[in-house]
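Asker: fold the following, please.
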Amino acid sequence: MRDHPDVLNVSTESLLGLLDTAREPILVRDLEGRILFWNQGCETLYGHSREAARHAHAPQLLETVFPAPLEEINARLLAQGAWRGEVTRRLADGRKGVIDLRWSLRRDASGAPVEILETGRDVTEARKAEEALRRSEYRFRNVFHAMSVSFWELDFSALAGMFGALRARGVTSLRAHIAENPRFVRQMMEASQVVDVNEKSLQLFEATREQLLGPVDRFWPPCSEHVFAASVIAALEKKPHYESEARFRTYDGREFDGLFTCCYPREYLPQGATLVGVIDITDRLRAQEDLQRVQAELAHAARISTLGELTASIAHEVNQPLSAIVTNGEAGLRGLKRETPDLEEVRRAFDRMIGEANRASGVIGRIRTMAVKGEPETTRLALGALVEDAVLLVRRELTANGVALRVQVPADLPEVDGDRVQLQQVLVNLMVNAVQAMAEGLEDEAERVLTVRGAVERQGEGEAVVLSVADTGPGVASERLPQLFNAFYTTKSGGMGMGLSICKTIAEAHGGTIVVTSQTGEGARFELRLPVAAAPQEVD
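Answerer: Residues are numbered from 1 along each chain as shown. From the prediction side, this is the model:
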């Protein structure tokens, strides 16, 4: 500044000292753009030293990109005495920065313009944040309106007042309050407002945008009230999202099945805003029902096929008690024909007849259970009893083929949740396969042992019951192991190849697995793993 004494008089030296130490970048240049003053704030922001900046041409040194032609900006500055705008400048390290500039024009005593005072403010990060926000909003709007998912923006701020009133009345558990006052769920729905929807919502709910705006309760049938309540509770418990299947109602009253999803953005929850998505899953559920029906029919066919293979065993199990009934009936008649009837002997004969009749009835009942086609029914099962029933059906096969049976299932084995018929089908299938493998693959003098074991193992955070069926047969070649559970794959002559595939389907439908381990010449071991039945939970 001392090189241009006409710029500032001596009385302003102290002011220059203050400007020099200011954190805000301040520079003074002449009308041609030559830098006359460059403070520490400029050095910090732009990275150029005072020596490098002095007398340099400011637009060239900083590679300034103006929002309009420089001639227009200078004309406005001369006319108005000031200008403000944002420019892009290249810093000494090569980075580009966005600078908010203020220019003030200084005139001499005659009124002629002589200098320009410039102050700047780095707004690079702020503009990046604004641009990121704009892009985020743009992407959100694109997703919101263009996706093939029904999106709803809900305002449930009115619920805050309802919850506050409950707390004032001493209510501490929303779950318990809803259980005692089911109508409260409908009141929450009436207070929750639809404020925006996308195009897919108009198609799915068969309505205009104006018709969908307003209380959300019109689109929720009573059967889905528990889902809405659970979504509100999830928000109060500060969960990030909630998802469930539910029934919905279109504007004209038609109901459909949907997948309901909610997200609870932390930044918008205080304002009572949330985003809801609805996907029509009617076709998917119908396909699942069709698949379950086909699987049930295949399982039934497989059971009938298995019973066909056990014809000799079944006939023996039924003939034995029938023969005993005849024998005891004849003994009873002989006792009655004596001159002095032996009534005690007759009573014992009749008791034995009743016992054998019950035994035959039990066999026929087990066979009928496997043969009858019905819907799966999940109950709590003790696997020990299940194994006993399965053994009774294959006992004759074991005896006829010289197979020794070893059952090692603890009496205190935990119960599982499942369908008795289906799980019994798995066990019978595995045991019949093992018997046939040993009968066909071993010499007559070879030891044939079928072992059924039960145990409990850790499975993730819970426990699983493991039932294993192991034989001492020829085993399965390693290259065949991965294919054993494939549909239509069989190692039997004349086999359908559906038995093990159906066993796998049944195991997975029960939340379990079935695997096989084997080495050639050392037998095969099938393991059925099922989750332990959950303990009954108390409702809060």
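Asker: pull out the buried positions in stretch 40-48.
Answerer: 40, 41, 42, 43, 45, 46, 48 (16 or more other CB atoms under 10 Å). For glycine as for every other residue, the C-beta is placed from the backbone atoms N, C-alpha and C.
Asker: what segments of the stretch 101-250 of the chain are helices?
Answerer: 124-146, 158-168, 174-180, 183-191, 199-204, 209-212, 225-236 (DSSP state H, counting those that start in this stretch).
Asker: actually, the stretch 351-500 of the chain.
Answerer: Going by DSSP H, counting those that start in this stretch, the stretch 351-500 of the chain shows helices at 383-400, 420-441, 499-509.
Asker: nearest to residue 236, of those?
Answerer: helix 499-509 (34.7 Å; CB to CB).
Asker: counting by contacts, list what that closest one packs against.
Answerer: Under the contact criterion of 3 or more CB pairs under 8 Å, 6 or more residues apart in numbering; DSSP states H and E, helix 499-509 touches helix 282-309, helix 420-441, strand 513-518, strand 524-531.
Asker: just the mean pLDDT for the first one, thanks.
Answerer: Yep, that's helix 282-309 we're talking about. Helix 282-309 carries an average pLDDT of 60.
Asker: tell me the pLDDT at residue 537?
Answerer: For residue 537, pLDDT reads 47.
Asker: if we can go back for a sec, wait, which of the helices of the stretch 101-250 of the chain is closest to residue 29?
Answerer: helix 124-146 (22.2 Å).
Asker: would you mind giving the helices of the stretch 351-500 of the chain as CSV with distance to residue 83 added?
Answerer: Compiled in CSV, the helices of the stretch 351-500 of the chain are given as follows (distance: least, CB to CB, whole Å):
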stretch, distance to residue 83
helix 383-400, 87
helix 420-441, 83
helix 499-509, 73
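Asker: looking at those, which is nearest to residue 244?
Answerer: Nearest of those to residue 244, taken as CB to CB: helix 499-509 at 20.8 Å.
Asker: tell me the angle of that closest one relative to strand 513-518?
Answerer: Taking axes from the mean of the first three to the mean of the last three CA atoms, to 10 degrees, one finds helix 499-509 and strand 513-518 inclined to each other by 140 degrees.
Asker: how distant is helix 499-509 from the center of its chain?
Answerer: Relative to the centre of its chain, helix 499-509 is centred 23 Å away, using CA atoms, centre = their mean, to the nearest Å.
Asker: can I get the CA coordinates of that helix in PDB?
Answerer: Taking Å, rounded to 0.1, in the frame of the first residue of the first chain, the C-alpha atoms of helix 499-509 are listed here in PDB:
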ATOM      1  CA  GLY A 499     -39.100 -89.600  -1.400                       C
ATOM      2  CA  LEU A 500     -36.000 -87.700  -0.200                       C
ATOM      3  CA  SER A 501     -37.000 -84.600  -2.200                       C
ATOM      4  CA  ILE A 502     -40.300 -84.500  -0.300                       C
ATOM      5  CA  CYS A 503     -38.500 -85.200   3.000                       C
ATOM      6  CA  LYS A 504     -36.300 -82.100   2.400                       C
ATOM      7  CA  THR A 505     -39.400 -80.100   1.600                       C
ATOM      8  CA  ILE A 506     -41.100 -81.200   4.800                       C
ATOM      9  CA  ALA A 507     -38.000 -80.500   6.900                       C
ATOM     10  CA  GLU A 508     -37.700 -77.000   5.500                       C
ATOM     11  CA  ALA A 509     -41.400 -76.300   5.900                       C
END
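Asker: what is the rounded mean pLDDT of that helix?
Answerer: Here the average pLDDT along helix 499-509 is 78.
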